[in-house]
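Student: mind looking at a prediction? Sequence and model below.
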Amino acid sequence: MVKNFVPRAELVSVSERNVAFVGRLSEEKGPDTFVAIAQHFPERQFHIYGSGPLESSLQQQAGDNIQFHGHQSNMNNVWSSVDLLLITSRYEGLPMAALEAMSRGIPVISFELGELPNVIDSGSNGWIASDHKEMVSILNEWFTLSDSKRAQIKYQAQQTIELNYSTEVVIPTMLDIYGITG
């Protein structure tokens, strides 16, 4: 099996503790869960990058601490303002948003979905939550971590991608599978 992969990226340094949802605003992606979790933290900023059929109903439910940024054709400029990514999907394989975020040192909190438990070592480079309540608890923990502990987790997230899911690692494996030599 060939892994998903992303190019190496620069480590993001964000002073604000902004939390993001990146994806289609549809039932399977769970943006309603993201909105519900944000309601536990009215003093914190939450950002939704994406559009879809649930957009207008989510905007009606959302508190003042949630900003909707709409569809993004290129996330490269957006990642620099994201401190933490929540994956609130109801089902997934291996979301590219998680790999792209982690490649920049943006940790991910996700439900136990698809391949994410094989990528995320809970507490080391991100977190796997068993349910909504645990995700809220982990997010609260993230907000109270020291800068040095946050920096360590961010570095581990980036290293996980660089060592296992970067183009430099996966492309040679693909070429080998197909019998292509340089």
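Tutor: Good, I have the coordinates. Computed from a predicted model, the values in this text were never measured in an experiment.
Student: just say helix, strand or coil for Ile109.
Tutor: Secondary structure state of Ile109, per DSSP: H, G, I helix; E, B strand; the rest coil, is strand.
Student: quick one: contacts for it?
Tutor: Residues in contact with Ile109 (CB atoms under 8 Å, 6 or more residues apart in numbering) are 84-87, 126-129, 135, 138-139, 142. From N, CA and C alone the C-beta is placed, and that goes for glycine too.
Student: quick one: the residue lying closest to it once chain neighbours are set aside from Gly105, how far?
Tutor: Excluding its sequence neighbours, the residue lying closest to Ile109 (CB to CB, 6 or more residues apart in numbering) is Trp127, at 4.6 Å. According to CB to CB, to the nearest Å, Trp127 stands 15 Å off from Gly105.
Student: sec struct for His69, please.
Tutor: With three-state DSSP as the basis, His69 sits in strand.
Student: ok, it touching Met75?
Tutor: No - here His69 does not reach Met75: they are 10.4 Å apart, not a contact under CB atoms under 8 Å.
Student: which one's more surrounded, these two?
Tutor: Neighbours were counted for His69 and for Met75 using other CB atoms under 10 Å; Met75 has more, 17 against 14.
Student: and that one, what does it touch?
Tutor: 22, 49, 97, 100.
Student: any chance of those in TSV, plus pLDDT and distance to Asp147?
Tutor: TSV is the format used below for the contacts of Met75 (pLDDT from 0 to 100; distance: CB to CB, whole Å):
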residue	pLDDT	distance to Asp147
Val22	97	24
Tyr49	97	25
Ala97	94	25
Glu100	92	23
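Student: return the member of these nearest to Leu116.
Tutor: Lowest distance from Leu116 to those (CB to CB) belongs to Ala97, with 10.9 Å.
Student: can you tell me the closest non-neighbouring residue to that closest one?
Tutor: Nearest-residue entry for Ala97: Val22, 4.3 Å, with adjacent residues in sequence omitted and distances by CB to CB, 6+ apart.
Student: Met96 is in contact with the one you found, correct?
Tutor: No - Val22 lies out of contact with Met96 (CB under 8 Å); the separation is 9.4 Å.
Student: please identify which of these two sits among more neighbours.
Tutor: Set Val22 next to Met96 and count neighbours by other CB under 10 Å: Val22 wins out with 25 against 14.
Student: list the buried residues of the longest helix that the chain contains.
Tutor: In the chain, with assignment by DSSP state H, the single longest helix is helix 147-164. Neighbour-count burial for helix 147-164 flags 150, 153-154, 156-158, 160-162 (criterion: 16 or more other CB atoms under 10 Å).
Student: in helices only, show me the contacts of Ile109.
Tutor: Counting by DSSP H, the part of these found in helices is 135, 138-139, 142.
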